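[1] need coordinates for the below:
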Amino acid sequence: MFRRFNLLLLLFCLVYHSGNTSKPVSGKKRGNITLRCEHEDSNIVDIELFHWSRDISVFEIEEYRGRVFKEGNCDVVIKNLIFSDAGKYTLRIIYTNDQTELERPKQWTYHLHIHDEISVKTGEELKMSVLVSDADKVKTNSSGEWKEVWTRGHGVQSDRMNNTDGNLIIKSFLDSDAGTYRVLDTEGEILITVTITGERNSDMRKYYL
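    Presented below is the predicted three-dimensional model:
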């Protein structure tokens with residue numbers, strides 16, 4: 001009897017966790033992504049979207065000023081992606097049954113990863129607006145292996161870098177700074193990936209990402 005109870009408890013935990021696994025979604029900065037709800041019926045009363053714990057307004061149609069809107073039955077589109085859009089989302093729908101009675105809400109979770117690519121000239125200042133509120137650390141493989149260049153609570157780990165107002169800044173870009181930069185959250189999930197390539201520079205203008 002005790003073994004049977006343990007087995008049922010294990011099966012419940014497996015079903016619960018498998019239903020709450022975040023779906024990976026990836027999009028390019030300034031591009032668009034779609035969070036698909038997988039609910040085919042049209043008996044939807046309301047759609048709610050949360051980024052981490054913050055409530056996001058979802059417009060019924062695409063509007064000039066709105067970046068988040070419903071598409072089709074209950075899919076949600078986020079336009080013109082910015083780095084702070086990265087992270088965990090929960091999409092919840094409230095719907096009725098055939099007797100117009102409210103059913104228990106359905107919900108899906110997503111993990112949005114945003115990537116970008118850029119070329120920087122030698123000697124320029126590089127400003128990356130990647131230190132979003134949920135960033136825990138930044139790693140780069142510019143030296144051939146992954147190493148941390150910034151961590152929350154300790155800041156930058158190089159005298160050639162600084163961080164100001166959510167920006168990770170390389171003061172004077174060198175060829176050796178080229179590589180991939182990853183921003184991770186506290187669970188080790190990748191929020192942002194920026195691939196940097198270097199090029200020679202005869203003009204010392206600043207580049208801002």
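[2] could you chop the protein up by domain?
    In the assignment given by automatic domain parsing, the structural domains of the chain cover 22-113, 114-208.
[3] redo those domains as JSON lines? Include mean neighbour count and mean pLDDT.
    The way it works is simple: take the backbone N, C-alpha and C, and place the C-beta from them, glycine included. What follows is the domains of the chain, written out as JSON lines (neighbours: other Cβ atoms under 10 Å; pLDDT from 0 to 100):
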{"stretch": "domain 22-113", "mean neighbour count": "15", "mean pLDDT": "88"}
{"stretch": "domain 114-208", "mean neighbour count": "16", "mean pLDDT": "91"}
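[4] find the nearest non-adjacent residue to the residue nearest the centre of the chain, please.
    With the centre of the chain defined as its mean C-alpha position, the nearest residue by Cα atoms, centre = their mean is residue 86, 2.0 Å away. The shortest distance from residue 86 to any residue other than its chain neighbours is 4.0 Å, reached at residue 191 (Cβ to Cβ, 6 or more residues apart in numbering).
[5] same question for residue 46.
    In space, not counting the residues next to it along the chain, residue 46 is nearest to residue 94; the distance is 4.4 Å by Cβ to Cβ, 6+ apart.
[6] and the end-to-end length of stretch 34-41?
    Terminal residues of stretch 34-41 lie 19 Å apart, using Cα to Cα, to the nearest Å.
[7] next one: stretch 119-135
    End-to-end span of stretch 119-135 (Cα to Cα): 23 Å.
[8] what sits up against the strand or helix carrying the residue nearest to residue 46?
    Secondary structure from DSSP states H and E places residue 94 in strand 87-95. Strand 87-95 is touched from outside by 22, 35, 37, 39, 41, 43-52, 74, 76, 102-103, 105-112, 132, 134, 185, 191, with contacts defined as Cβ atoms under 8 Å, 6 or more residues apart in numbering.
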